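> got a predicted structure plus its sequence, pasted below:
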Amino acid sequence: MSKKPVQFRLNGAERAVFVEGGQNLLDTIRRGLGDTSPKWGCGQGTCGACTVLIDGQPHLACLTLAEAVEGREISTNAGLGANGLHPLQQAFMDHFAAQCGFCTSGMLMAAKALLDRNPNPTRDEVIEAISGNICRCTGYEPIIDAILDAAKRRAA
């Protein structure tokens, strides 16, 4: 199978990779570029562990074709803490919102997209924003509290 060149920005850096037809973005980011922060979960778009931001909007990397991101901006959890901990990362630590870590990367990216478009969300808006991400450990309350706390920290 022939490979096709694809160029995009990953966490602010220009990247060029060769991808096979049908290759998903998650495989391209993890194996092709070595950014293992988006997690491989279900591979079917149901768990949300692979959530990345494409031009600021949350997308499931396991369901996104790598070819579809030509010329776009991709953000992963690895890019959040480029200059120290992001307020979301610190809030997740402070609220014990990351236990097994399965959902954390996807939750952080879904939360970042929410806070970027709505810096002062309600509890219900947070719940809606993370509804595509499955958590197996925390019961969601610490995650919701962490996101609301991060919003307050960013406003201060």
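Received, thanks. Numbering: from 1, shown residues only.

> which SS class is the closest residue to residue 127 other than its chain neighbours?
Among residues not flanking residue 127 along the chain, residue 144 sits closest, at 6.5 Å (C-beta to C-beta, 6 or more residues apart in numbering). Placement of C-beta: from N, CA and C, glycine included. Put simply, residue 144 is helix when judged by DSSP: H, G, I helix; E, B strand; the rest coil.

> residue 12 against residue 80, yeah?
No - Residue 12 lies out of contact with residue 80 (C-beta atoms under 8 Å); the separation is 11.5 Å.

> who's more crowded, the two?
residue 80 (19 against 10; other C-beta atoms under 10 Å).

> any idea how the protein splits into domains?
3-79, 81-155 (automatic domain parsing).

> poorly predicted segments of this protein, please.
Scanning the chain with the threshold set as pLDDT under 70 gives 1.

> so which strand or helix has residue 112?
helix 104-117 (DSSP states H and E).

> how about the backbone phi and psi for residue 4?
Per-residue torsions, residue 4: phi -120, psi 140 (degrees, to the nearest 10).

> what residues are bridge-paired with it?
Beta-bridge partners for residue 4, by DSSP bridges, are residue 19.

> residues near it, how many?
Residues near residue 4, counting by other C-beta under 10 Å, number 14.

> any idea where the strands of the protein begin and end?
3-10, 13-20, 51-54, 57-60, 73-75 (DSSP state E).

> pick the most deeply packed of those.
For those, the largest average neighbour count (mean count of other C-beta atoms under 10 Å) is found in strand 51-54, namely a mean of 24.

> sorry, back to before: correct me if wrong: the residue nearest to residue 127 contacts residue 123.
Yes - judged on C-beta under 8 Å, residue 144 makes contact with residue 123 at a distance of 6.4 Å.

> so for these two, which residue has more residues nearby?
residue 144 (21 against 11).

> next up, the contacts around that one.
Taking C-beta atoms under 8 Å, 6 or more residues apart in numbering, we find residue 144 in contact with 123, 126, 127, 130.

> from residue 19, how far off is the third one?
In this view, residue 127 and residue 19 are 35 Å apart by C-beta to C-beta, to the nearest Å.

> picking that back up, how about the helix holding residue 112: buried residues?
Of all the residues in helix 104-117, those buried under the rule 16 or more other C-beta atoms under 10 Å are 104, 105, 106, 107, 108, 109, 110, 111, 112, 113, 114, 115.
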